[in-house]
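[1] below is the structure, and that's it, no one-letter string:
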């Protein structure tokens, strides 16, 4: 059993607020002066250089500290600090100026990313504990083991074939309650990228920190879905739910290097961060579609499962908004086998237009929360770990499957939803996860009533 000073310091109250999953700075920190960017790390820029020898001249021209805060990949992507003694420009202004510089590719700010359950976001409906989803309602170990979704996706039958033995699922989130009974004998060593130590416990308290409990809840769903898989807790969020693009890149690499075959990430942003797209794109073969390589991944390969977003519309939330071979974006379904009203869902189209290829139960899901307790939560953050758990069952049963093959397996064997969604006025083409069909690699038919209004 893990014994965590952080865990012992947690305080508990009678209700939880909404959760958020975000990524904070990784590695060195620069002095942060005034800036206008409210959703990025102040005074940091990220860009790619084809010729490393150009870095000193680029640093001088744009008023950057010449020593990188970090670099990754080939051609190298650099994380650089703005030197406030040399320029009055903000990081956003520098990135805009870099866009026309032929030496530089993919310039961007060090973007903050947010979990799709966070309240107060214009692009997310949010799912609050304060609107009847309290841990006091239907929340116990019995409710956890006897809830509605396992039967819906035929999980008991699937467990007769595989329970996920030999597979490790990384949970990139707020950390977890390492001593929760749901995780007894289930954990492998993780890492805390916030405090840069080996204790990825959740930090915070109910009421005070809206993010508190999110990572534990997500990990508990994986523990239930794949009862013999191992869980790798990776804390990429501080107690205020703040983080950044560079940190999640580092965390994905760390998870792959340390043996995770599947990574669950329930976060997003309404615009597409270049570096995040690149690292996920490389998770199947170490290379992006445009030829950038990530030697840091070595021969390690990892499937990424990402939450679709809670916008209740077709507007993409990234990274799930990118249809990338080793990643599957997951929307939320309810107990009536309909699309959850809050779930983001892509419109029917061809190729990359259909970016949400899978839905899974994500409404009224009971799982673990800190302090050995259980709670009910709704959101696509709850649907993603159901899919990640089923992916673990499949990987355990067929160890030679590659990340793109696992993505296609979940998509191709689900219950087809291809219909006109009257409530939103557009057609959808997705599939609802079925664990037994995924393991048997058989078609699961269709649900022609999926687009009808829920009871």
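    That came in fine, so what should we check first? In this text the structure is predicted, and so the values were computed from the model without any measurement.
[2] tell me where the stretch 251-400 of the chain has strands.
    Taking DSSP state E, counting those that start in this stretch to define them, one finds strands in the stretch 251-400 of the chain at 262-265, 303-307, 327-333, 358-361, 365-369, 373-377.
[3] who touches the second one?
    This means strand 303-307. 115-116, 252, 261-268, 280, 283, 317, 319-320, 324, 326-330, 379-381, 383-385, 387-388, 391, 395, 403, 406-407 (C-beta atoms under 8 Å, 6 or more residues apart in numbering). All C-beta atoms are positioned from the backbone trio N, CA, C, and that covers glycine.
[4] now, those residues that are in helices?
    Mapping those onto helices (DSSP state H) picks out 252, 280, 380-381, 383-385, 387-388, 391, 395, 403, 406-407.
[5] save the residues you listed as TSV, and put in pLDDT, neighbour count and distance to residue 335 too.
    Formatted as TSV, those follow (pLDDT from 0 to 100; neighbours: other C-beta atoms under 10 Å; distance: C-beta to C-beta, whole Å):
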residue	pLDDT	neighbour count	distance to residue 335
252	97	27	33
280	97	27	31
380	92	35	16
381	91	36	18
383	96	31	13
384	97	32	18
385	98	33	17
387	98	33	17
388	98	32	20
391	98	32	22
395	98	26	27
403	98	25	30
406	98	24	26
407	98	26	26
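[6] re the thing from before, make TSV out of the strands of the stretch 251-400 of the chain and add mean neighbour count, mean pLDDT and distance to residue 289.
    Output for the strands of the stretch 251-400 of the chain, formatted as TSV (neighbours: other C-beta atoms under 10 Å; pLDDT from 0 to 100; distance: least, C-beta to C-beta, whole Å):
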stretch	mean neighbour count	mean pLDDT	distance to residue 289
strand 262-265	31	96	20
strand 303-307	31	97	15
strand 327-333	30	97	13
strand 358-361	30	98	22
strand 365-369	28	93	35
strand 373-377	24	89	35
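[7] which one, of those strands, ends up nearest to residue 244?
    Minimum separation from residue 244 across those (C-beta to C-beta) falls at strand 262-265, 13.7 Å.
[8] which residues does that closest one contact?
    Strand 262-265 is contacted by residues 21, 167-173, 218, 222, 248, 252, 255-256, 302-307, 319, 384-385, 388, 391-392, 395, 406 when judged by C-beta under 8 Å, 6+ apart.
[9] tell me the secondary structure at the closest residue to residue 423 other than its chain neighbours.
    Leaving aside its sequence neighbours, residue 423 sits nearest to residue 453 (C-beta to C-beta, 6 or more residues apart in numbering; 6.4 Å). Here residue 453 is recorded as coil under DSSP: H, G, I helix; E, B strand; the rest coil.
[10] pLDDT value on residue 205, please?
    Model confidence at residue 205, given as pLDDT, is 83.
[11] oh, I was asking about residue 138
    Predicted confidence (pLDDT) for residue 138: 42.
[12] returning to that earlier point: and the ones in helices among the contacts of strand 303-307, which is closest to residue 93?
    Lowest distance from residue 93 to these (C-beta to C-beta) belongs to residue 280, with 28.2 Å.
[13] quick check: the closest one vs residue 185, distance?
    Note on residue 280: its distance to residue 185, by C-beta to C-beta, to the nearest Å, is 30 Å.
[14] repeat that for residue 247.
    29 Å.
[15] which of these two has more neighbours?
    Neighbours per residue, other C-beta atoms under 10 Å: of residue 247 and residue 185, the larger number sits with residue 247, 25 against 7.
[16] going by neighbour count, list what's buried in whatever helix or strand that one lives in.
    If you go by DSSP states H and E, residue 247 is part of helix 245-257. Across helix 245-257, burial judged by 16 or more other C-beta atoms under 10 Å covers 245-256.
[17] before we move on, what about stretch 313-324?
    If you call a residue buried by 16+ other C-beta under 10 Å, then stretch 313-324 has these buried ones: 313-314, 316-324.
[18] need those residues in JSON lines with pLDDT and distance to residue 240, can you?
    Below are the buried residues of stretch 313-324 laid out as JSON lines (pLDDT from 0 to 100; distance: C-beta to C-beta, whole Å):
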{"residue": "313", "pLDDT": "91", "distance to residue 240": "27"}
{"residue": "314", "pLDDT": "92", "distance to residue 240": "30"}
{"residue": "316", "pLDDT": "91", "distance to residue 240": "26"}
{"residue": "317", "pLDDT": "89", "distance to residue 240": "21"}
{"residue": "318", "pLDDT": "90", "distance to residue 240": "22"}
{"residue": "319", "pLDDT": "91", "distance to residue 240": "22"}
{"residue": "320", "pLDDT": "94", "distance to residue 240": "24"}
{"residue": "321", "pLDDT": "93", "distance to residue 240": "25"}
{"residue": "322", "pLDDT": "93", "distance to residue 240": "27"}
{"residue": "323", "pLDDT": "93", "distance to residue 240": "32"}
{"residue": "324", "pLDDT": "94", "distance to residue 240": "30"}
